[in-house]
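*Asks:* Need coordinates for the following:
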Amino acid sequence: MANRGSLMIATILFTIASVTDFLDGYLARRYNTITTLGAFIDPFADKILVLCLLFSFYTLGAIKLWVLLVIALRDIAITLLRILSLIKGYELTTTRSAKLKTAFQFAIIYLLFLLASNKLDSMWYSVIENMMYGIVAFTVWTGISYIIANKHIIKKIF
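*Replies:* Numbering: from 1, shown residues only. Next up is the predicted model:
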């Protein structure tokens with residue numbers, strides 16, 4: 001599927017990004033240093049990381065285009081909504097389910113790395129594909145729940 005060396009480097013970089021993302025959030029909460037900018041940039045960076053990797057896996061044939069598009073459209077819509085709310089002086093609340101969605105997406109990305117590096121046999125492809133359907137559904141659900149949780153602010157924006 002892909003060059004083993006490139007996949008190993010990508011896996012290492014993704015692991016570093018995942019660990020530093022977790023530590024950054026943990027330390028910000030522990031020392032109460034959460035800022036409006038940080039609350040916007042952290043999920044935005046997560047979305048960029050996930051979408052870039054999913055695009056890469058799409059080009060490798062590991063995921064279908066519709067999977068990438070559904071996740072990308074949800075993330076773009078929520079990001080634009082967050083930008084618009086900040087411009088209008090409001091801060092939307094990130095839901096726990098959205099944070100869980102990111103964790104699930106990170107987990108499936110690790111499985112896709114294993115699949116792309118041929119460390120899993122072909123049986124795993126259908127397992128991962130079914131997990132991906134679940135993640136797509138959960139991603140859509142978190143987008144809807146995000147809008148519902150912030151509807152009072154969204155009404156003020158529009």
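*Asks:* The chain: strands as residue ranges?
*Replies:* For the chain, strands defined by DSSP state E do not occur.
*Asks:* what about it, any weak spots by pLDDT?
*Replies:* 1-2 (pLDDT under 70).
*Asks:* As a check, name the ranges of all helices in it.
*Replies:* Ranges of helices in the chain, per DSSP state H, are 4-30, 36-59, 65-87, 96-116, 123-149, 151-157.
*Asks:* May I see those organised as JSON lines, with mean neighbour count added?
*Replies:* Every C-beta, even on glycine, is put in place using the N, C-alpha and C of the backbone. Shown next, in JSON lines, are the helices of the chain (neighbours: other CB atoms under 10 Å):
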{"stretch": "helix 4-30", "mean neighbour count": "13"}
{"stretch": "helix 36-59", "mean neighbour count": "16"}
{"stretch": "helix 65-87", "mean neighbour count": "16"}
{"stretch": "helix 96-116", "mean neighbour count": "18"}
{"stretch": "helix 123-149", "mean neighbour count": "15"}
{"stretch": "helix 151-157", "mean neighbour count": "12"}
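*Asks:* residues contacting R29?
*Replies:* Neighbour list for R29: empty [criterion: CB atoms under 8 Å, 6 or more residues apart in numbering].
*Asks:* Then A10?
*Replies:* A10 neighbours (CB under 8 Å, 6+ apart): L53, S56, F113.
*Asks:* Specify which member of these is nearest to A77.
*Replies:* Within the contacts of A10, proximity to A77 (CB to CB) peaks at L53, which comes in at 19.7 Å.
*Asks:* measure that closest one to L68 for me?
*Replies:* Per CB to CB, to the nearest Å, L53 is found 10 Å from L68.
*Asks:* same thing with D121?
*Replies:* Per CB to CB, D121 is found 24 Å from L68.
*Asks:* ditto for D21
*Replies:* Taken as CB to CB, the span from D21 to L68 is 21 Å.
*Asks:* And A10, by the same measure?
*Replies:* Taking CB to CB as the measure, A10 falls 17 Å from L68.
*Asks:* How about F106?
*Replies:* Taking CB to CB as the measure, F106 falls 16 Å from L68.
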